[in-house]
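1. sequence plus the predicted model coming up.
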Amino acid sequence: MQCFVFFGIQGSGKGTQAELLSENLNYQHINIGDLFREQVLRQTDLGLQVQDIISRGELVPDSLVFEIVDSSLLPERQGIVFDGFPRTLVQAEYLVEHFQVRQVFFLELAEAVAIRRISSRRICNSCGENYNLESDPPRQDDVCDKCGGELVIRNDDKPEAISRRLTEFYEQTLALKEFFASRDLLSEIDASQDVEEVAAAIRKAIGSLLN
Ligand SMILES: [Zn+2]
């Protein structure tokens, strides 16, 4: 199974870009963070296990990540765009053993810019819809357009959790970049540009695949 991978700090727009690419290629989009949040909202056994971990802003253990990746694969998929996976070297090794990795996109963004972007995010505490106060605001302050629920800041978007996550991310990123660069799979993309420009840079890096 072919796959593309996106990684970058929170706020780098990797979710948006992964979604765009998966639509273009008709691939399955797997966002690990969303899958875990879904389990938490449904209060499954897995969800209860990860609830504490996520609320502390820590990373979910590899074994739980593999479990949810395997259980989320759709049989009719033509390929996969991974978003938020892999985060560790163990996960990267799992990825190259189980999938044919076509390209890994690292979205580069300065920490200060990322923190500014993240602090404008809100999520509906009833239906889970995402908003951004700057780029995608609700019609009415603090109220979900879809269900009327209350908009809140996700626990892992709170300042203490952000700085913990960024520290963990930077500790692990260098190793991941080296891992994929040594396999000639790494493309570094400037994520400070707007969505269209970043998407264009990704299409260019992929080249003939999208033509
Ligand atoms: Zn809602």
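-> That came through fine.
2. C-alpha only now, for contacts and for neighbours.
-> Fine.
3. burial check on S192, number of neighbours?
-> By other Cα atoms under 10 Å, 17 other residues sit near S192.
4. pLDDT value on it, please?
-> With respect to pLDDT, S192 scores 92.
5. show me where the protein has its helices.
-> Using DSSP state H, the helices of the chain run over 14-25, 32-41, 45-55, 62-72, 89-98, 111-118, 159-181, 195-206.
6. looking at these, which is buried most?
-> Neighbour counts (mean count of other Cα atoms under 10 Å) averaged over each of these peak at helix 14-25, with a mean of 18.
7. which among the helices of the chain is found nearest to the ion?
-> Comparison of the helices of the chain against the ion by Cα to the ion identifies helix 32-41 as nearest, at 12.7 Å.
8. re earlier: let's have the helices of the chain in TSV, adding mean pLDDT.
-> Shown next, in TSV, are the helices of the chain (pLDDT from 0 to 100):
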stretch	mean pLDDT
helix 14-25	93
helix 32-41	85
helix 45-55	86
helix 62-72	88
helix 89-98	95
helix 111-118	84
helix 159-181	85
helix 195-206	93
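9. any chance of those helices in TSV, with distance to the ion too?
-> Listed next are these as TSV, based on distance: least, Cα to the ion, whole Å:
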stretch	distance to the ion
helix 14-25	20
helix 32-41	13
helix 45-55	20
helix 62-72	24
helix 89-98	33
helix 111-118	19
helix 159-181	23
helix 195-206	25
